[in-house]
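S.K.: dropping a prediction and its sequence here:
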Number of protein chains: 2
Amino acid sequence: MIGIDWGTSSLRAYRLGEDGRVREKRDGAHGILTVPAGGFPDALRRVVGDWLADGERRVLLCGMVGSRQGWVEAPYLPCPAGPAEIAAALTPVPFADAETRLVPGLVTRDAGGVPDVMRGEETKLLGLLAAGVAGQVCLPGTHSKWVRLAGGRVTGFATHMTGEVRAVLLAHSILGRLAAAGEAAFAPAAFGRGVARSGEAGGLLHHAFGTRGLGLLGELGEAETASYLSGLLIGHEVRAALRPGEPVHLAAAETLAAPYQAALRLLGAECRMHDPDIVVAGLVGIGRHWA
Amino acid sequence: MIGIDWGTSSLRAYRLGEDGRVREKRDGAHGILTVPAGGFPDALRRVVGDWLADGERRVLLCGMVGSRQGWVEAPYLPCPAGPAEIAAALTPVPFADAETRLVPGLVTRDAGGVPDVMRGEETKLLGLLAAGVAGQVCLPGTHSKWVRLAGGRVTGFATHMTGEVRAVLLAHSILGRLAAAGEAAFAPAAFGRGVARSGEAGGLLHHAFGTRGLGLLGELGEAETASYLSGLLIGHEVRAALRPGEPVHLAAAETLAAPYQAALRLLGAECRMHDPDIVVAGLVGIGRHWA
């Protein structure tokens, strides 16, 4: 089977053996935003055409390729949902070269009745469930997901726009003018100041402007601004999302693992790290249910 | 005297009589961002050259023209500060055609010790003080100011980045994709939903993403997205900034008066409206102290 995590800006393809092991892996910047209308079959052939020619007959896709902007829109499956529900809700994709299916995203509602969605992360969560993980999970990113796993299923989740808010503030708001150009190195002390600040009175919209006040008065250096802002935003996220007294299962890409670990430590939460590449285990698990 | 409120993107010039009345007024898009390096004297002559030729000998400037990106940088004056302190701290500006001075901005520190700054609003606040206003003041805008007036002085303030965060989220984040193109009409019901949402658990970074969830599931229309987001952000701002049980003195430009009045009403605060053009009274007041 071929498993593909096809997101907005990147694509990861895995050629999987009968035993679930990765035989070959390909990474690329062929995210769905680079694919022209009607261009998905050709885009897929360019990445894994040789695997198909070599006899692979099944392709399992997850991620934003199943969104309105993707190949085919796969409906969101309501929580709670586990491996059985997700495997039973695959959406067939018209592709001449192989039997191809899409993993559905998940939808939940919070206490206020407002819907929240994920697409791609559900497959990573199946990987964690397969490893026996339960409790609260944090998947940091552009849109961080805080997830509850119980009874072998995803019972609910909340998305925080932390990564995207940080990026647009640095690129397009007045806060970016006081930050060093380019991506500055992670500055742990400035990050910690931001995390501490997130617990004070005033709210995020006031705290964000404080980044400028500190910069203007020479109390925060240009090279520290991005890290301070990260600490502020991640601090607000963790304080709002954390269920205290329980460990947080964290599966983060390398650049996000350090700040989230630091914030969780500063806020007194125990952190258990997981391989960020858990999507493979999820794809393999769904493949086993594929009758 | 000539009084000028010279901001980042606009300029307002007033020719003032001995009695403090506005004899003539000019508005323009000649904000400091349009002025090339060294170009401030010429830019000023283009706007009020005929008034100077007609005998005006004094020019009083306030706003971002006194910032690092402006003509001359005027230091921030610490709070508490009233008309006497501000008038005593004017910065002279080298200009051959008239005696020219800059109004200083103000700086304060909140309970956490983080500095906050204003530049231009201090002159508006002097206008309110001259009218006998005391208590809490809200000056909405790109960077909303919540100010405390007591004993005839500005005793402290807090800035909220509400307007700028709204603008960058709609223009540059995923939330803009579900919003109608252009500036949609104010939708009071969607705004009210946003204000109510701001009081629920989850925090602003989660609430912001909820705007997308509602849009994706057809529970918020494209034409309602911008108003819902306004309600969410202004709701967070007001809940964090409001001192309950006291009226809010609101001086807002027309497009901001309606949403802030609506949010304050929804949150049970009494609102007293003031002319948004109060900067004139502040300029006149400082002019009277100009020995």
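M.R.: Yep, that arrived. Numbering: from 1, shown residues only, chains lettered A, B, ... in the order given.

S.K.: which residues in the stretch 101-250 of chain A form helices?
M.R.: For the stretch 101-250 of chain A, applying DSSP state H, counting those that start in this stretch gives helices covering A:121-130, A:162-172, A:188-197, A:204-216, A:225-241.

S.K.: give the residue farthest from the middle of chain A.
M.R.: residue A:217 (36.3 Å; Cα atoms, centre = their mean).

S.K.: can you pull the contacts of the residue nearest to that residue when sequence neighbours are not counted?
M.R.: Leaving aside its sequence neighbours, residue A:217 sits nearest to residue B:115 (Cβ to Cβ, 6 or more residues apart in numbering or on different chains; 4.9 Å). Just so you know, the C-beta spots here come from the backbone N, C-alpha and C atoms, and that holds for glycine as well. With contact set as Cβ atoms under 8 Å, 6 or more residues apart in numbering or on different chains, residue B:115 has these partners: A:210, A:213, A:214, A:216, A:217, A:219, B:107, B:108, B:109.

S.K.: pretty sure the first one sits against residue B:116.
M.R.: Yes - look at residue A:210 against residue B:116 with Cβ atoms under 8 Å: they come within range, at 6.7 Å.

S.K.: what do the two both touch?
M.R.: Joint contacts of residue A:210 and residue B:116 (Cβ under 8 Å, 6+ apart) are residue B:110.

S.K.: end to end, how far does stretch A:29-46 reach?
M.R.: 13 Å (Cα to Cα, to the nearest Å).

S.K.: now check it, is it near chain B?
M.R.: No - applying Cβ under 8 Å from any Cβ of the partner chain, one finds stretch A:29-46 out of contact with chain B, separated by at least 11.7 Å.

S.K.: residue numbers of the stretch 151-291 of chain A in contact with chain B?
M.R.: For the stretch 151-291 of chain A, the contact set with chain B under Cβ under 8 Å from any Cβ comprises A:158-162, A:164-165, A:168-169, A:171-174, A:197, A:200-210, A:212-214, A:216-217, A:219, A:233, A:236-237, A:239-241.

S.K.: ok, what's across the strand from residue A:146?
M.R.: Following DSSP bridges, residue A:146 is listed with bridge partners residue A:138, residue A:158.

S.K.: residues contacting it?
M.R.: A:136, A:137, A:138, A:157, A:158, A:159, A:160, A:241, A:242.

S.K.: can you give me the distance of the nearest residue to the fourth one once chain neighbours are set aside to residue A:80?
M.R.: By the measure of Cβ to Cβ, 6+ apart, the closest residue to residue A:157 outside its immediate chain neighbours is residue A:147, 4.2 Å from it. Distance of residue A:147 to residue A:80, computed by Cβ to Cβ, to the nearest Å: 11 Å.

S.K.: could you tell me which residues touch both of those two?
M.R.: A:154, A:156.

S.K.: who's more crowded, those two?
M.R.: When residue A:147 and residue A:80 are compared for neighbours, residue A:147 comes out ahead with 27 against 17, by other Cβ atoms under 10 Å in any protein chain shown.

S.K.: surely that one touches residue A:135?
M.R.: No - between residue A:147 and residue A:135 there is no contact under Cβ under 8 Å: 9.5 Å.

S.K.: can you give me the end-to-end distance of stretch A:50-58?
M.R.: End-to-end for stretch A:50-58, by Cα to Cα: 14 Å.

S.K.: could you list the buried residues of that stretch?
M.R.: A:51, A:52, A:56 (16 or more other Cβ atoms under 10 Å in any protein chain shown).

S.K.: please report how far the nearest residue to the last one once chain neighbours are set aside lies from residue A:55.
M.R.: On the basis of Cβ to Cβ, 6+ apart, the spatially nearest residue to residue A:56 that is not a chain neighbour turns out to be residue A:2, at 5.2 Å. Remark: distance between residue A:2 and residue A:55 (Cβ to Cβ) = 11 Å.

S.K.: okay, now the unreliable bits of chain A?
M.R.: Applying pLDDT under 70 to chain A flags residues A:182-183, A:291.

S.K.: hey, where'd the strands end up in it?
M.R.: Along chain A, counting by DSSP state E, strands occupy A:2-6, A:11-16, A:22-28, A:58-62, A:77-78, A:91-93, A:99-102, A:106-109, A:115-118, A:135-139, A:144-150, A:153-160, A:248-251, A:271-274.

S.K.: re the thing from before, who does the residue nearest to residue A:217 form a beta bridge with?
M.R.: Under DSSP bridges, the beta-bridge partners of residue B:115 are residue B:109.

S.K.: got the buried residues for stretch A:124-138?
M.R.: Buried-residue list, stretch A:124-138, by 16+ other Cβ under 10 Å: A:124, A:125, A:126, A:127, A:128, A:129, A:130, A:133, A:136, A:137, A:138.

S.K.: now residue A:267: closest residue in space, sequence neighbours ignored.
M.R.: Of all residues not flanking residue A:267 in the chain, residue A:238 sits nearest, at 5.6 Å (Cβ to Cβ, 6+ apart).

S.K.: I should have written residue A:265 there, sorry.
M.R.: Residue A:265 sits nearest to residue A:271 (Cβ to Cβ, 6+ apart), 6.9 Å away.

S.K.: what about the one you found, distance to residue A:188?
M.R.: 16 Å.

S.K.: neighbour-wise, which of these two wins?
M.R.: Using other Cβ under 10 Å, the more surrounded residue of residue A:271 and residue A:188 is residue A:271, with 17 against 13.

S.K.: so what pairs up with the residue lying closest to residue A:51 once chain neighbours are set aside in the strands?
M.R.: Once flanking residues are discounted, residue A:51 sits nearest to residue A:15: 5.3 Å by Cβ to Cβ, 6+ apart. Listed by DSSP bridges, the beta-bridge partners for residue A:15 are residue A:2, residue A:24.

S.K.: who's in contact with residue A:15?
M.R.: A:2, A:22, A:23, A:24, A:25, A:48, A:51, A:56.

S.K.: who are the neighbours in contact with the last one?
M.R.: So the one you mean is residue A:56. Counting by Cβ under 8 Å, 6+ apart, residue A:56 has contacts A:1, A:2, A:15, A:48, A:98.

S.K.: residue B:139 versus that one, what's the distance?
M.R.: Where residue B:139 is concerned, residue A:56 sits at a distance of 64 Å (Cβ to Cβ).

S.K.: ditto for residue A:247
M.R.: With Cβ to Cβ as the criterion, residue A:247 and residue B:139 are 45 Å apart.

S.K.: go on, residue A:191?
M.R.: 32 Å.

S.K.: what's the answer for residue A:285, then?
M.R.: Distance, residue A:285 to residue B:139, by Cβ to Cβ: 56 Å.

S.K.: neighbour count: those two, which is higher?
M.R.: Set side by side, residue A:285 and residue B:139 show more neighbours around residue B:139, with 27 against 18, by other Cβ under 10 Å.

S.K.: show me what contacts the spatially closest residue to residue A:11 that is not a sequence neighbour?
M.R.: The shortest distance from residue A:11 to any non-neighbouring residue, by Cβ to Cβ, 6+ apart, is to residue A:30 (4.5 Å). By Cβ under 8 Å, 6+ apart, the contact set of residue A:30 is A:10, A:11, A:43, A:46, A:47.
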